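Visitor: Have a look; sequence and predicted model below, questions after that.
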Amino acid sequence: MDTSPRVVIGALAQLVVTLVVMGVLLFWPAGTFDWSLAWWFAAAFVICTLIAIVIVWRVNPEIFAARSRIQPGTKAWDYFFIALIIGGFLSVLIVAGLDFRNGWSEAPAWLVGVGYVLFLLGYAGSIWPVAVNRHFEPGVRIQADRDQRVIDTGPYALVRHPGYSAAVLLIFGMALMLGSYWALIPAVVAVAATAVRTVFEERTLRAKLSGYTDYTQRVKFRWVPGVW
């Protein structure tokens, strides 16, 4: 995998493209740029992403190339889940914009604050597994070309899928940061799709990845210790 500085430049370019897409999905449905919660959300997203790029570049630079695209060999069924999950995240922005435009709901300031807490915890929680797991690709596959092995350090000593746990906090935080109750609906869809994906992914890992079944005996829970 390429670990040269150009992959960071590529990550920054992706951030710019992401911001443009997010801007369209937020402000076009809202029908106005005069939406302070959306601007604050965008600012928080940029700051967190820049911090993540710096941290990950220092500790796991090869992951930029690994996560730059869905890699060959990704399970065919996983494309369905990827589409549902990404669609859920994007729909949170669209629905929140429509909610703001039409005045369907308005979360109180304290709940917006809770959204920021969830978002920050989720973002921090998403950086940690990416930092320690060189196999943290966007698609489900057995990475024989990258000598995949079981990772059981850092957050993986607590739960088997810490990235998914963080994503749950992140997407619910996004909806609340934007002050929209209705945006929680696509968030729930994305979380449900991620839960089902987790089950399918674990079947693949148990069957094909050496040592994974033993790992599930040591680390009992998938997302939340003591729950699931």
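Guide: Great, that's in hand.

Visitor: what's the distance between Val117 and Trp104?
Guide: Summarising the geometry, the distance separating Val117 from Trp104, computed by C-beta to C-beta, to the nearest Å, is 24 Å. All C-beta atoms are positioned from the backbone trio N, CA, C, and that covers glycine.

Visitor: In terms of secondary structure, what does the least confident helix or strand in the chain by mean pLDDT contact?
Guide: Averaged element by element with mean pLDDT, DSSP states H and E, the chain has its least confident helix or strand at helix 63-66 (a mean of 83). Using 3 or more C-beta pairs under 8 Å, 6 or more residues apart in numbering; DSSP states H and E as the contact criterion, the elements in contact with helix 63-66 are helix 5-30, helix 36-59.

Visitor: what about it, distance to the chain center?
Guide: Counting by C-alpha atoms, centre = their mean, to the nearest Å, helix 63-66 is centred 15 Å from the centre of its parent chain.

Visitor: three-state assignment of the nearest residue to Ala167 once chain neighbours are set aside?
Guide: Closest residue in space to Ala167, ignoring its immediate chain neighbours: Thr194 at 6.3 Å, by C-beta to C-beta, 6 or more residues apart in numbering. When classified by DSSP: H, G, I helix; E, B strand; the rest coil, Thr194 comes out as helix.

Visitor: Correct me if wrong: Thr194 contacts Tyr164.
Guide: Yes: between Thr194 and Tyr164 there is a contact at 5.3 Å, judged by C-beta atoms under 8 Å.
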